[in-house]
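A.B. asks: When you get a sec, could you give me coordinates for this:
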Amino acid sequence: MNDIWWQTKGEGNCHLVLLHGWGLNAEVWDCITPELSSQFTLHLIDLPGFGRSGDFGALSLEEMTHLVLAKAPDKAIWLGWSLGGLVASLAALCAPERVQALVTVASSPCFAAKADWPGIKPDVLSGFQQQLSEDFQRTVERFLALQTLGTESARQDARKLKSAVLALPMPGEDVLNGGLEILKTADMRAELANLPMPFLRLYGHLDGLVPRKIVPLLDAQWPNSQSFVFPKAAHAPFISHPVEFCQRLLALKQVII
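C.D. replies: Sure thing, here's the model as predicted:
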């Protein structure tokens, strides 16, 4: 039977589920788990098909979310980075009684650009899918480099992301393509407008994948949510600014407990 890799650590009085982004795995959180484990009980997951959860093929967003929900604690803060933000958001919609707060990091309810919406141009995402079949390794490395572009610690941050990828077996091409398909097609802007739990959205000012232009648009569409933009961060603010990132989570915990 296929199973998701799941690790629980820490002894805090509040559960925190951490969901990584496309192509990566739970090793990406290593830079903040020492700080957070004294304040939270952490649930570190390799999403189905990624890292140590490699016995899955490509899944839909719904299938991925329900697999994670099946193993998650009864009540927790759910934090999702990038693609993981879509999984965490759908969990909040499907099981709001189990999600104490939702935190999305460098994520968008609609990653693909549309006429009235800033995002990744569809031909860019399609290009990544085409390139995966031509040069698998290089395509993943290029995507990782995009996530840190422009930050003061870009090279160091990119190395951390790459080491997280290389620490474990690479996802299959079908899984990576499936993840890109989710990023191309998901649009949860309307559904997330009236979530009953606290909703914190964290962004990087220099993010080339989730443009900061979406922040005021969502502030208006989702008036019950809160947003914060890390001024010198890109797509991985928890790596480039771990102290400030953890401070945001601890402040949220104070509101909940």
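
A.B. asks: make it CA atoms for all contacts and neighbour counts henceforth
C.D. replies: Will do.

A.B. asks: Can you report how many residues lie near Leu180?
C.D. replies: 18 (other CA atoms under 10 Å).

A.B. asks: The host helix or strand of it: which residues count as buried?
C.D. replies: Counting by DSSP states H and E, the element that carries Leu180 is helix 173-185. Across helix 173-185, burial judged by 16 or more other CA atoms under 10 Å covers 173-184.

A.B. asks: longest helix anywhere in the chain?
C.D. replies: helix 242-256 (DSSP state H).

A.B. asks: Just the buried positions in that one, please.
C.D. replies: 242, 245-246, 249, 252-253.

A.B. asks: Let me know the closest of the buried residues of helix 173-185 to Ala106.
C.D. replies: Leu183 (12.9 Å; CA to CA).

A.B. asks: In terms of pLDDT, where does the closest one sit?
C.D. replies: On the pLDDT scale, Leu183 is placed at 95.

A.B. asks: and what of Gln7?
C.D. replies: 97.

A.B. asks: Quick one: residues contacting it.
C.D. replies: 42-45 (CA atoms under 8 Å, 6 or more residues apart in numbering).

A.B. asks: Return the subset of those residues lying in strands.
C.D. replies: Among those, the members falling in strands (DSSP state E) are 42-45.

A.B. asks: can you give me the helices for the stretch 1-150 of the chain?
C.D. replies: Assigned by DSSP state H, counting those that start in this stretch, the helices in the stretch 1-150 of the chain fall at 33-36, 61-71, 83-94, 122-134, 136-148.

A.B. asks: so which strand or helix has Leu161?
C.D. replies: helix 154-166.

A.B. asks: helices or strands up against that helix?
C.D. replies: helix 136-148, helix 237-240 (3 or more CA pairs under 8 Å, 6 or more residues apart in numbering; DSSP states H and E).

A.B. asks: tell me the most buried of those?
C.D. replies: Each of these was assessed for mean neighbour count using mean count of other CA atoms under 10 Å. The highest is helix 237-240, with a mean of 26.

A.B. asks: Quick one: mean pLDDT for it?
C.D. replies: 96.
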